[in-house]
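>>> Quick check, what structure comes out for this input:
(one chain, ligands or ions: 2)
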Amino acid sequence: MGARAGLSASRCQEPRYQNGFDCQGLWVEVEVEKTLGFNSKREIESFGLERFSLACRDRVLHFAEVQTEQSRRLGQWMDWPRSYFTMSDANIEYNWHFLKHCHGRGWLYRGHRPMPWCARCGTSISQHEMLDAYAELTHESVTVALPLLDRADHCLLVWTTTPWTLPANVAVAVNPELDYAECAQAGIVYYLATSLVGRYPALGQPRRTVKGAELVGLRYVGPFDDLPVQRGVQHRVVAWQEVSAEEGTGLVHIAPGCGLEDFELSRRHGLPVIAPVTDDGRYFDGFGVLSETRALDAAATIAGLLKERHVLFARAPYRHRYPTCWRCAEELIFRVADEWFIDATEIRSLARAANEGVTWRPGHMQLRMDDWLANMGDWCISRKRYWGLPLPFYPCGCGRLTVIGSRRELRELAIDPGAADAVPELHRPWLDDVLIRCPECAQPVRRVSEVGDCWLDAGIVPFSTLGYLEDRQQWERWFPADFIVEAVGQLRGWFYALLFMSTALEGQSPYRTVLAHERVLASDGREMHKSWGNAIWLDDALEKMGPDVIRHMFASQAITEPMRFGFEGARDVKRRFLTFWNVYGLFVTYANLDRPALLGPDSVPTHSAPLDQWLLSRLQATIAEVREAFDTYQVRRAVAAVDAFIHDDLSNWYVRRRRREFWKAILDDEKQAAFQVLYHVLVRVCQLLAPVMPFVTEHVYQNLVPAVFPSAPISLHLTSFPEPDAALVRPDLEASVEAARRVLSVGLAARNAARLKVRQPLGRALLVAPPDTARDARLFERDVLEELNVERLETVASLDDQIVVTAELDIRDTSTLPPNTVPALRAALAARAGKAVRDSLLATGHVTLPVGDIEIALGWGDLKITVEGRDGFAAAADRDVTVALDTTMTPELRRKALARHLVHQIQMMRKEARLNVEDRIRISVDADREATEAIEEQSVYICAETLAVELRHGSPPPGWMARETDIEEAHISVAVARA
Ligand SMILES: [Zn+2]
Ligand SMILES: [Zn+2]
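Numbering: from 1, shown residues only. Ligands and ions are numbered 1, 2, ... in the order given. You can find the predicted model right below:
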């Protein structure tokens, strides 16, 4: 993750900047096949393996370049020329080492068993590749009547959703414990599970019921006994505890060549195994008219053949979830094949123990991994394909299996060492021609043709890239990795392969912390699909959103929720970031005007106003929070902390309260200090955001720092990550601002409730608050008064005469209450004075109300307390803070209101005239006598606020910008001109 690497760099840790590319496996082959217009292994073989391998390599190299370029544009910080490629000989040799190790431990074996198989790709698919590749498919289901040999006119009813497997039938399984019914129809007796009789209405009522055990051993006529492959097969009923009566007939058709469970049953009962299809999914010779037919297209033909044989009892379409190929989406079949496996028995316990020590984010993933490990089967590592890790297995006719662990070993055992040397790369077809001499019997031995599961390539990386075999000390320095991140789906992919292989080799996890995030969806909440028009290509996103915004979207995404990636989300990020940009712009504007003597971005002034000290204190808290969040890989928390600092502290309070300070004409000590503080804070925020938004923060830094201090680090990304400075932490000031802002927000709520515009000055605000809140708020009283636009703030003992209190029931969750208590509570509440209810809450935190014989205690969260003003007061409260605003209008307040409105009008005119912030102006006003007097009285204020050097009276001079306006019942014409 770029954010993490950038962060580690700026914190003087020593990250590894090695990127890597997965280069081998079905996903590359299938794409190359598409490009070449192929759709089968036959086409690849006639094209030639050498050309095919070279085409795969070219594709990998091409897309590695594309991805490198895209990653760079995204700001991913890597030592790109040092990227590893899993198709390299080095990576392959490491996998050979791993496989030889497994062989040495007795874990490697060749198995002959049915595997999930993609007929298009011509290869088996392993358990972990299947889990996310299911589709809703409709198949033809058939119910077949199989006549019993031992009981004339008696038939077994068998149901299957894979009719293509029926020609390979050798047995029928029943559950010996289950009840089976004998049902007659047209002189024939049918057997099926009693509980499923209702599914076949034509059968009528059961004549009698027998236990499945009674059917075991009965012989029957198979559905395709006439096929050559069925010759000599004795079909019989076998017992199987797993047979359920939930679907079909409760009698299960068994074809050991077409299913793993069937296969295991065949071993237990000594049943023959008929493998019906070739590796491209067509019936072998010996299947009559079916031979050469694709198994997946055979359902209708099979049904027709069953009908001809008078054994088709019923047929119907059947919809179910069915596995498909993760690469080409072809539906899978099960097919008996010879495959190579790593026995998971010993590794399972090692891996589960290692997983215990891993920190997972989110935490519940640990259990999911444990569950997967507890249930994983042996790892099928072989693929009958071309472009991949060539399995270094050389099985000799004498029974000896040689597993080659390195290129050197290959040369030593090769019959012709020169041929081994001549292999240009460790891939098919070149390697296939190197024969070795069997160390046991000296016979020449050829490599098996299979290649390895591509997850081996991904899983070996903690060894192959860190010098495990060449420089153990170096490897030990880096292993295990501190942190890895991928999508949750990688639980059974990359996360699993890494853990499996590392515990197999070293008995420990290769990672300490794993972050598993949810998927990325389109903005409409669906998967992105080219054909749905909701996909966004990376180049497009980079162009229109920009890398910083994209990175911010991902960094601020909750990892447990699927991300909705779209332009709307990007606009939100931009909108939020604009706040910082505006603060930066404000600083640059005024700094250019005032030219303050800045001390360097790391310095803070020794003396500054409480507001500046407060901002620095908030900055320290933010730095501490961000560091803690990054250290624990909670990028979202870090982003949220910076975001909150920018909006709540920097923009909505500090800059809001400081803006006039910066605007005032003179550069005094206080303003000088404020410049230094804001400068320091802007650079710190850039440093905090640098891992997430590396480009825009660098841009700001370049303008703020090297341009002013040429000796400073030439890049933001070469500066150290900020550390909190305990000397700048001021809990007292933080408490004061918090108290002041709380009083202010209650005061503004009171204004709001009474619909009093903020521009209307008021005489006084009365405050009731706990003593420490009232005291704390006093330090920033001037800010409260200005923001609230009142003349005085008076702390009083009680506001009982100025406010009215009402209390309403506001219980969101009534499930914990006894039934029907809500109406009684409402009645009890109505009988109490609102003030009494609030006083009780203020005193004790709760209020008790009688309901029948019991009393129920309610807290603040259960009640809606409303405070309103009366008799010339506007009021509001937030729990223990109450503010009442005196709304009495005096002539003096009216005059002030008029002045404020006038200032507002002039400010808008300044903007309209596109005056620079520092431009001085002249003002001319024309109004009636009363308004003119008011303006005259307030002229100092008006001129200061608008940077006016002159305020004159009379009609607008020619050439000035003039506007007519109605202010406080007075009609005024205002004109302004640059001074
Ligand atoms: Zn496939
Ligand atoms: Zn041998």
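>>> Show me what residue of the stretch 401-550 of the chain gets nearest to ligand 1.
At 13.5 Å from ligand 1, C454 is the closest residue in the stretch 401-550 of the chain, using C-beta to the ion. For every residue, glycine as well, the C-beta is placed using N, CA and C.
>>> With the stretch 151-300 of the chain instead?
G281 (10.4 Å).
>>> check contacts around that residue.
The contact partners of G281, by C-beta atoms under 8 Å, 6 or more residues apart in numbering, come to W117, A119, R120, R294, A295, L296, I333, R335.
>>> so what's it closest to, chain neighbours aside?
Nearest residue to G281, sequence neighbours excluded (C-beta to C-beta, 6 or more residues apart in numbering): A119, at 2.5 Å.
>>> Would you double-check that Y109 falls in a strand?
Yes. Judged by DSSP: H, G, I helix; E, B strand; the rest coil, Y109 forms part of a strand.
>>> burial measure for it, as a count.
Look at Y109: counted by other C-beta atoms under 10 Å, it has 14 neighbours.
>>> Surely it and A344 touch.
No. Between Y109 and A344 there is no contact under C-beta atoms under 8 Å: 11.4 Å.
>>> what about R319, which SS state?
Once three-state DSSP is applied, R319 turns out strand.
>>> swap that for I646, please
helix.
>>> Please tell me how far it sits from Q938.
Using C-beta to C-beta, to the nearest Å, one gets 35 Å for the distance from I646 to Q938.
>>> Distance from the chain centre to stretch 854-871, please.
Computed by C-alpha atoms, centre = their mean, to the nearest Å, the chain-centroid distance of stretch 854-871 equals 41 Å.
>>> Quote the end-to-end distance of it.
Terminal residues of stretch 854-871 lie 39 Å apart, using C-alpha to C-alpha, to the nearest Å.
>>> now do stretch 766-781
Across stretch 766-781, first to last residue, C-alpha to C-alpha, it's 13 Å.
>>> domain assignment for the chain?
Annotated domains of the chain cover 136-323, 392-447, 563-725, 803-869, 891-978 [automatic domain parsing].
>>> Show the model's pLDDT score for Y584.
Y584 carries a pLDDT value of 98.
>>> Can you list the helices and strands that the host helix or strand of it packs against?
For Y584, the host element (DSSP states H and E) is helix 567-594. The contact analysis (3 or more C-beta pairs under 8 Å, 6 or more residues apart in numbering; DSSP states H and E) places helix 567-594 against helix 538-544, helix 547-555, helix 656-663, helix 669-689, helix 694-704.
>>> Any idea which of those helices gets closest to ligand 2?
helix 538-544 (53.1 Å).
>>> Off-centre distance for that closest one?
20 Å.
>>> Of all the residues in it, which ones are buried?
A541 (16 or more other C-beta atoms under 10 Å).
>>> For it, enumerate the helices and strands it packs against.
When contacts are defined as 3+ C-beta pairs under 8 Å, 6+ apart, helix 538-544 sits against helix 49-73, helix 567-594.
>>> Can you verify my assumption that C380 contacts S126?
Yes. Using C-beta under 8 Å, C380 is in contact with S126, at 4.4 Å.
>>> for ligand 1, what are the nearby residues on the stretch 1-150 of the chain?
C118, R120, C121 (C-beta under 5 Å from the ion).
>>> which ones among these come in contact with ligand 2?
Among those, no residue is within reach of ligand 2 (C-beta under 5 Å from the ion).
>>> picking that back up, what sits against the residue nearest to G281?
V277, D279, D280, G281, R282, R294, A295, L296, E330, I333.
>>> And those residues, which is closest to L716?
Within the contacts of A119, the smallest distance to L716 is 50.8 Å, found for E330 (C-beta to C-beta).
>>> Can you get me a residue count around the closest one?
Neighbours of E330 under the rule other C-beta under 10 Å: 16.
>>> before we move on, what about A877?
Neighbours of A877 (other C-beta under 10 Å): 23.
>>> and if you look at E246?
Close neighbours of E246, defined as other C-beta under 10 Å, add up to 9.
>>> Tell me, what's the model's pLDDT at the closest residue to A535 other than its chain neighbours?
Leaving aside its sequence neighbours, A535 sits nearest to M528 (C-beta to C-beta, 6+ apart; 4.0 Å). Per-residue pLDDT puts M528 at 88.
>>> Would you confirm that M528 contacts D540?
No. Contact criterion C-beta under 8 Å: M528 and D540 do not qualify, at 11.9 Å.
>>> sorry, back to before: where does the residue nearest to A535 land in three-state SS?
Counting by three-state DSSP, the backbone at M528 sits in coil.
>>> follow-up on the earlier one: mind putting the helices and strands packed on helix 567-594 in a markdown table, distance to T622 and mean pLDDT included?
Below are the helices and strands packed on helix 567-594 laid out as a markdown table (distance: least, C-beta to C-beta, whole Å; pLDDT from 0 to 100):
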| stretch | distance to T622 | mean pLDDT |
| --- | --- | --- |
| helix 538-544 | 29 | 94 |
| helix 547-555 | 16 | 96 |
| helix 656-663 | 18 | 88 |
| helix 669-689 | 7 | 97 |
| helix 694-704 | 15 | 98 |
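>>> Quick check: the residue in the stretch 551-700 of the chain that ligand 1 sits nearest to vs L521, distance?
Using C-beta to the ion, P562 is the residue of the stretch 551-700 of the chain that sits closest to ligand 1, at 26.4 Å. Counting by C-beta to C-beta, the separation of P562 from L521 is 5 Å.
>>> swap in V677?
43 Å.
>>> same deal with A558?
Going from A558 to L521 by C-beta to C-beta gives 13 Å.
>>> Please identify the residues of this structure in proximity to ligand 2?
So the chain meets ligand 2 at C396, C398, R400, C438, E440, C441, Q443 (C-beta under 5 Å from the ion).
>>> Return the residues in contact with the third one.
Okay, so that is R400. R400 makes contact with C438, P439, E440, C441, according to C-beta under 8 Å, 6+ apart.
>>> ok, and what's touching stretch 308-320?
Here stretch 308-320 has contacts from 136-147, 157, 161, 190, 200, 223, 303, 306, using C-beta under 8 Å, 6+ apart.
>>> let's see it at 6 Å
Under the criterion C-beta atoms under 6 Å, 6 or more residues apart in numbering, residues T138, H139, S141, V142, T143, V144, A145, T161, P223, A303, L306 lie in contact with stretch 308-320.
>>> Just the ones in helices from those, please.
Residues of those located in helices (DSSP state H): A303, L306.
>>> Are any of the contacts of stretch 308-320 buried, and if so which?
Among the contacts of stretch 308-320, those classed as buried by 16+ other C-beta under 10 Å are H139, S141, V142, T143, V144, A145, T161, P223, A303, L306.
>>> Which residues are in contact with the first one?
Put plainly, it is H139. By C-beta under 6 Å, 6+ apart, the contact set of H139 is T161, Y318.
>>> can you pull up the bridge partners for it?
Beta-bridge partners of H139, counted by DSSP bridges, are Y318.
>>> Now for the residue of the stretch 401-550 of the chain closest to ligand 1, how many residues are close by?
For C454, the count of nearby residues is 25 (other C-beta under 10 Å).
>>> Give me the nearest residue to it, chain neighbours excluded.
That would be G25: by C-beta to C-beta, 6+ apart, it lies 2.7 Å from C454.
>>> So which residues on this protein come close to ligand 1?
C118, R120, C121, C325, R327, C328, E330.
>>> For the residue lying closest to the first one once chain neighbours are set aside, give its distance to D297.
By that I understand C118. Leaving out its chain neighbours, the residue that sits closest to C118 by C-beta to C-beta, 6+ apart is C325, at 3.9 Å. Distance of C325 to D297, given as C-beta to C-beta: 17 Å.
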